[in-house]
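Q: Quick check, what structure comes out for this input:
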Amino acid sequence: MSKSFLEDIYDRDNVPDVTALYDEWAATYEAEILENGYATPRRCAEALARVAPDLSQPVLDFGCGTGLSGIALRLAGFETLDGRDLSAEMLAKARSKGIYRDLKHVSAETGTDGIKERYSLIAAIGVIGVGAGPPSLVQGLLKALPKGGLLVFSYNDHVIQDGDYAEARDAALNSGLAIERLREFGPHLPGQGLNSDVYVYEKT
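A: Numbers count the residues shown, from 1 in each chain. Predicted structure coming up:
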């Protein structure tokens, strides 16, 4: 029986080495989360498509993983995708799908390097949260956008209940950095009984 990684990724008291965990998980990642009905990529992609003025603009799929988010973005009508991820093993899976114009392997320290005002649309789908990206990514990605640029991101139930992440989300609005264009609550991993909020923020 193959190892299940879902319990490890949400353990707030034992945050894993994210890069190592996702490298190890890459071989079975899609099978495990699709078996649990992973709904957030489709919900995020469709939310961004409803707000974005031009679906032909390039989208940065930040934390693209194996490319499930990219598939969802393509199905929602986005034509040009670039991806970045910490895991080389996950990126190899994404590359095999042939849906990205460019894929870049980054570290936690270099993840946002070189993207300032390069993209008007950024997706961080299932990326910001416990066992993944830090709370600071909300403002970090918004600051990389030009004025009027859009960020779609998601918070699952574990993240919604985490004060640090909630504070980072709300601070982006309260500081005047962004306005909320859309917020929807719905299924995340139904097989695990988990839901998520999907947000679209516009850089002001």
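
Q: mind listing the strands in this structure by residue range?
A: For the chain, strands defined by DSSP state E occupy the ranges 59-62, 81-85, 102-105, 121-124, 150-156, 178-189, 194-203.

Q: Out of the ones you listed, the one nearest A171 is which?
A: Proximity to A171 (CB to CB) singles out strand 178-189 among the strands of the chain, at 10.0 Å. All C-beta atoms are positioned from the backbone trio N, CA, C, and that covers glycine.

Q: and that closest one, what does it pack onto?
A: The helices and strands touching strand 178-189, judged by 3 or more CB pairs under 8 Å, 6 or more residues apart in numbering; DSSP states H and E, are helix 40-51, strand 150-156, helix 163-174, strand 194-203.

Q: Let me know how buried the closest residue to G133 other than its chain neighbours is, in neighbour terms.
A: Closest residue to G133 apart from its sequence neighbours, by CB to CB, 6 or more residues apart in numbering: V127 at 4.9 Å. Number of residues near V127 (other CB atoms under 10 Å) recorded here: 22.

Q: my read: V127 touches P134, true?
A: No - counting by CB atoms under 8 Å, V127 stays clear of P134, with 10.4 Å between them.

Q: quick one: the residue nearest to G133 from L141, how far?
A: To L141, V127 is 9 Å away according to CB to CB, to the nearest Å.

Q: now swap in N174 and tell me
A: For N174 relative to L141 (CB to CB), the value is 17 Å.

Q: re earlier: what touches both of V127 and L141?
A: Jointly contacting V127 and L141 under the rule CB atoms under 8 Å, 6 or more residues apart in numbering are 62, 153.

Q: pLDDT value on the closest residue to L60 other than its chain neighbours, please?
A: Excluding its sequence neighbours, the residue lying closest to L60 (CB to CB, 6+ apart) is Y119, at 4.3 Å. pLDDT recorded at Y119 is 98.

Q: so what's Y119 up against?
A: Going by CB under 8 Å, 6+ apart, Y119 touches 57-60, 82, 144-145, 149.

Q: neighbour-wise, which of those leads?
A: Most surrounded of the contacts of Y119: other CB under 10 Å gives V59, at 28 neighbours.

Q: circling back: looking at the helices and strands packed on strand 178-189, spot the one closest to R183.
A: Across those, R183 has its closest neighbour in strand 194-203 (5.3 Å, CB to CB).

Q: in the chain, which helix or strand is least confident?
A: Least confident helix or strand of the chain, by mean pLDDT, DSSP states H and E, is helix 6-9 with a mean of 58.

Q: Looks like V138 contacts A168 (just checking).
A: Yes - at 4.8 Å, V138 counts as touching A168 under the criterion of CB under 8 Å.
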